[in-house]
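Participant: Just need the structure, nothing else, for what follows:
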Amino acid sequence: MRRDMWSSERNGEEDPASRRGLSHHRTRSWAYVLAVMLCSTAEAGSKNGPRYAPHEPLKLLANKVGPFNNPSETYEYYSLPFCSRSKKKRHEDFGERLVGNRKTVSPYEITFLDNVPWRLLCEQAFSRKELKMFTKAIENDYYFEMFIEDLPMWGYVGEVEGEDVLLGHLETVRRYVYPHLHFSIGYNGEQVVSVNVSTNPQRKVDITDEFDGTEVAFSYSVEWVPRPDLAWENRMSRYHDSRFLPGTFEIHWLSIINSFVLVLLLTAFLTIIMMRVLKNDFSRYMEVEEDEMGEDETGWKLINGDVFRFPPASNALCALVGAGAHLFCVTFLLLLCAVTNCFVPTKRGAILTAMIVLYALASPVAGFTSARLYRQLGGEAWLSNALLATLAFPVPLALVFVWVNSVALAHGSSAALPFVAIIIVVALFALVAFPLSIGGAILGRQMAVDFRAPCRTTRVPREIPAETPWYRLPPAQMFMAGFLPFSAIYIELHYIFASVWGHKIYTLFGILFLAFVMLVVVTAFITVSLIYFQLAREDYRWWWRSLLCGGATGAFIYAYSFFYFFNRSSMDGMIQGSFYFGYMAIISYAFFLMLGFIGFASSLAFVKHIYSVVKAD
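Facilitator: Take a look at the predicted model:
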């Protein structure tokens, strides 16, 4: 059963001539989906748009088609055998190429302020093969996307009638293609401020029988509607204005406020407990003389000679910490730029472009953090450490991209990244990100000083107690460390998934920034608390544990992606599945690195602090 989509919008009086033959336009609520569809604009923040004189022609750009339930599975508009196919491509910017835009100039003739009651586009006789292409598209709920003045509009290719929800396709099922499109264009003075497309069900053509030579007459009509209330700089408001969904908007705010209050209470609770526990520890350890400390005494002070013993595989640990610091810096800067409107986040591909540029420019952070820590831990193979830190994230990303892009190319999808865009990304990494990261590693190694541990490390490692309750084992600790931060962002995660993997638009970047801060704070506090409990039972192997506990939230995010795919979406197919699970694995891995850095850095500061207060020889 196909969901409701767009309905044509009209304001003010309409020309009776333009309404002739169109009184039975589809009445489905297309406005709802228009309110939540991902808007794509190239000049949303500008106040000076193009102006047109009467009768001046406008370009209508056809972009793509694809199944409504699979947003990542897109194809070029003329991959379906529409008539009058044009080979003239419109130049897309880098961001549009990244998100799969492939705009083509269409043959529709539209001139400024000229109403068109009806005009024949072309008549075409289709072969059985071409009709099967339309039939497949209609059965899979294909929608198309077009642009006028960078304003997007959507509509269905056709519809299925007589389909039973439970029994599926029956012998009486009919398939219809929509050959007539009605364009409603809003204008304010000399500028185009709104566009909408609808279909006329009275002119649908039955293609169920798929006979060779079936003729279809494609036509269109144009209606110009005055919109003095809508300024050009606000023309994108109809795509993402919160008033279309007031209930959802209020629930969104209430949910994030509720999460924020819970995080504040949790943080305050943990802070009070940790301060009281540490205060008691400090009092007990400082009252007892060194020679009175017996072997039966327990606690984290007893392992002062082992707690700063350098961890195994320090090269890999430092590289992962450096890669996590890099991703944390990129994420923070990206959200800061989105909140302060340094770029237009609602523009198609703007966030991806900003992310790639920020990743390249912030590359020195990875090399500097990794090399500095590695030098402090006594590492000598600084070059291999710098290379590992630089490639820790790009290599898994490249492997997933090769698979996903190959699947898209094999299916002829426009979601496959063009060769030119791939060359640009590779060149940006090789010529900018890689040298900056190596330079950062050199600088970090030169600026590093010896590790200043508050306690001396003994020559012989202390034996770690063998008997450990199950809730203090690493798997249980990692579960707690990942579950609490994930629960703080769970509600916001649903909206993000609906935007990234659906047709909704996300514009509340202030809320997203707040959710990111909550995630960082909760991760730091829960990791520090678990590390304290680990040290209290005389287990000094905290280096790797802090990284793993901090990054455990990434595993919860990936597990949630499976729940969302099978229970909250209607996605299916090889292309959509490859894109979804492939890129969600990379996103979860990025969260593991980023939050692992937060957990490690906070734990290192905490351990240094408590052992500096209670000194021991």
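
Participant: Tell me, how many residues neighbour Ser184?
Facilitator: Around Ser184 there are 22 other residues, counting by other CB atoms under 10 Å. Heads up, the C-betas are built off the backbone N, CA and C, glycines and all.

Participant: Surely it is within a helix?
Facilitator: No - according to DSSP: H, G, I helix; E, B strand; the rest coil, Ser184 belongs to no helix; its state is strand.

Participant: Could you verify my assumption that it touches Asn196?
Facilitator: Yes - the criterion here is CB atoms under 8 Å, and Ser184 meets it with Asn196 at 4.5 Å.

Participant: residues in contact with the residue nearest to the spatial centre of the chain?
Facilitator: With distances taken as CA atoms, centre = their mean, Val500 lies nearest the centre of the chain, 4.8 Å away. Residues near Val500 by CB atoms under 8 Å, 6 or more residues apart in numbering: Tyr506.

Participant: ok, it to Met571 distance?
Facilitator: According to CB to CB, to the nearest Å, Val500 and Met571 sit 12 Å apart.

Participant: Tell me the buried residues in the longest strand anywhere in the chain?
Facilitator: In the chain, assigned by DSSP state E, the strand with the most residues is strand 214-226. Neighbour-count burial for strand 214-226 flags 214, 216, 218-225 (criterion: 16 or more other CB atoms under 10 Å).

Participant: Stretch 580-587 now?
Facilitator: Quick answer for stretch 580-587 (16+ other CB under 10 Å): 580, 582-587.

Participant: send the alpha carbons of that stretch over as CSV?
Facilitator: Output of stretch 580-587 as CSV, limited to C-alpha atoms (Å, rounded to 0.1, in the frame of the first residue of the first chain):
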residue,chain,number,x,y,z
TYR,A,580,23.6,1.0,5.0
PHE,A,581,25.5,-1.7,6.8
GLY,A,582,28.9,-0.7,5.2
TYR,A,583,28.8,2.9,6.1
MET,A,584,27.2,2.3,9.5
ALA,A,585,30.1,0.0,10.3
ILE,A,586,32.5,2.9,9.5
ILE,A,587,30.4,5.4,11.4
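
Participant: And the average pLDDT for that stretch is what?
Facilitator: For stretch 580-587, the mean pLDDT works out to 96.

Participant: contact partners of that stretch?
Facilitator: With CB under 8 Å, 6+ apart as the contact definition, stretch 580-587 has outside contacts at 72, 396-397, 400, 403-404, 501, 557-558, 561, 565, 571.

Participant: which element is the closest residue to Thr74 other than its chain neighbours on?
Facilitator: By the measure of CB to CB, 6 or more residues apart in numbering, the closest residue to Thr74 outside its immediate chain neighbours is Gly66, 4.1 Å from it. Using DSSP states H and E, Gly66 sits in strand 60-67.

Participant: Contacts for that strand next, please.
Facilitator: Identification of contacts with strand 60-67 by CB under 8 Å, 6+ apart yields 73-80, 82, 90, 100-106, 108, 110, 137, 140-148, 152, 157, 183, 414, 573.

Participant: which secondary element of the chain has the worst mean pLDDT?
Facilitator: Ranked by mean pLDDT, DSSP states H and E, the weakest helix or strand in the chain is helix 30-36, scoring a mean of 31.

Participant: related to what we said a few turns ago, which of the contacts of strand 60-67 fall within strands?
Facilitator: Taking DSSP E, the ones among the contacts of strand 60-67 that sit in strands are 75-76, 104-105, 110, 142-148, 152, 183.

Participant: can you list the weak-confidence ranges in the stretch 51-200 of the chain?
Facilitator: 84-92, 163-171 (pLDDT under 70).

Participant: So which elements touch the longest strand of the chain?
Facilitator: Contact here means 3 or more CB pairs under 8 Å, 6 or more residues apart in numbering; DSSP states H and E; on that basis strand 214-226 packs against helix 16-19, strand 116-126, strand 180-188.

Participant: And the helices in the stretch 251-400 of the chain, which stretches?
Facilitator: Counting by DSSP state H, counting those that start in this stretch, the stretch 251-400 of the chain has helices at residues 314-339, 350-361, 363-376, 382-391, 394-410.

Participant: weakest of those by average pLDDT?
Facilitator: In terms of mean pLDDT, the lowest-scoring of the helices of the stretch 251-400 of the chain is helix 350-361 (a mean of 92).

Participant: any idea how far it is from the chain center?
Facilitator: Put simply, helix 350-361 sits 13 Å off its chain's centre (CA atoms, centre = their mean, to the nearest Å).

Participant: What are the contacting residues of stretch 460-479?
Facilitator: Applying CB under 8 Å, 6+ apart, the contact partners of stretch 460-479 are 302-303, 305-306, 309, 530, 533-534, 537-541, 545, 548-549, 552, 555.

Participant: no, scratch that, I was asking about stretch 401-409
Facilitator: Applying CB under 8 Å, 6+ apart, the external contacts of stretch 401-409 come out as 415-417, 422, 574-575, 578-579, 582-583.

Participant: Whichever of these end up buried, select them in PyMOL.
Facilitator: Per 16+ other CB under 10 Å, the buried members of those correspond to this PyMOL selection:
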select buried, resi 415+416+417+575+578+579+582+583
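
Participant: so can I have CSV of the contacts of stretch 401-409 showing secondary structure and distance to Thr523?
Facilitator: Output for the contacts of stretch 401-409, formatted as CSV (DSSP: H, G, I helix; E, B strand; the rest coil; distance: CB to CB, whole Å):
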residue, secondary structure, distance to Thr523
Ala415, coil, 33
Ala416, coil, 36
Leu417, coil, 33
Ile422, helix, 34
Met574, helix, 35
Ile575, helix, 34
Ser578, helix, 30
Phe579, helix, 28
Gly582, helix, 25
Tyr583, helix, 22
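
Participant: Now render the contacts of stretch 401-409 as TSV, adding distance to Val277.
Facilitator: Listed next are the contacts of stretch 401-409 as TSV, based on distance: CB to CB, whole Å:
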residue	distance to Val277
Ala415	53
Ala416	56
Leu417	53
Ile422	54
Met574	53
Ile575	53
Ser578	49
Phe579	47
Gly582	44
Tyr583	42
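
Participant: wait, which of the contacts of stretch 401-409 is closest to Leu264?
Facilitator: Using CB to CB, Tyr583 comes nearest to Leu264 of the contacts of stretch 401-409, at 32.8 Å.

Participant: How much space separates that closest one from Val193?
Facilitator: From Tyr583 across to Val193, the span is 35 Å (CB to CB).

Participant: Check Val607 too.
Facilitator: For Val607, the distance to Val193 equals 59 Å [CB to CB].

Participant: Looking at those two, which has the bigger crowd around it?
Facilitator: Taking other CB under 10 Å, Val607 and Val193 do not tie; Val193 has more neighbours (26 against 23).

Participant: pretty sure that one contacts Arg235?
Facilitator: Yes - applying CB under 8 Å, one finds Val193 in contact with Arg235, separated by 4.4 Å.

Participant: Among the contacts of stretch 460-479, which ones are in strands?
Facilitator: Among these, no member falls in strands (DSSP E).

Participant: are any of the residues you listed buried, and which?
Facilitator: Among these, those buried by neighbour count (16+ other CB under 10 Å) are 302-303, 305-306, 309, 530, 534, 537-541, 545, 548-549, 552, 555.

Participant: residues contacting the nearest residue to Ala381 once chain neighbours are set aside?
Facilitator: Nearest non-adjacent residue to Ala381, counting by CB to CB, 6+ apart: Asn315, 6.5 Å away. Residues in contact with Asn315, defined by CB under 8 Å, 6+ apart, are 374, 379, 381, 384-385, 388.

Participant: and what of Arg175?
Facilitator: Arg175 sits next to 134-135, 138-139, 158-161, 206-208 when contact means CB under 8 Å, 6+ apart.

Participant: Specify the local secondary structure of it.
Facilitator: Quick answer, by three-state DSSP: Arg175 is strand.

Participant: And Asp212, by the same measure?
Facilitator: Under three-state DSSP, Asp212 comes out as coil.

Participant: same deal with Tyr52?
Facilitator: coil.

Participant: ok, it touching Val192?
Facilitator: Yes - here Tyr52 reaches Val192: they are 7.2 Å apart, a contact under CB under 8 Å.

Participant: more crowded one of the two?
Facilitator: Neighbours per residue, other CB under 10 Å: of Tyr52 and Val192, the larger number sits with Val192, 24 against 18.
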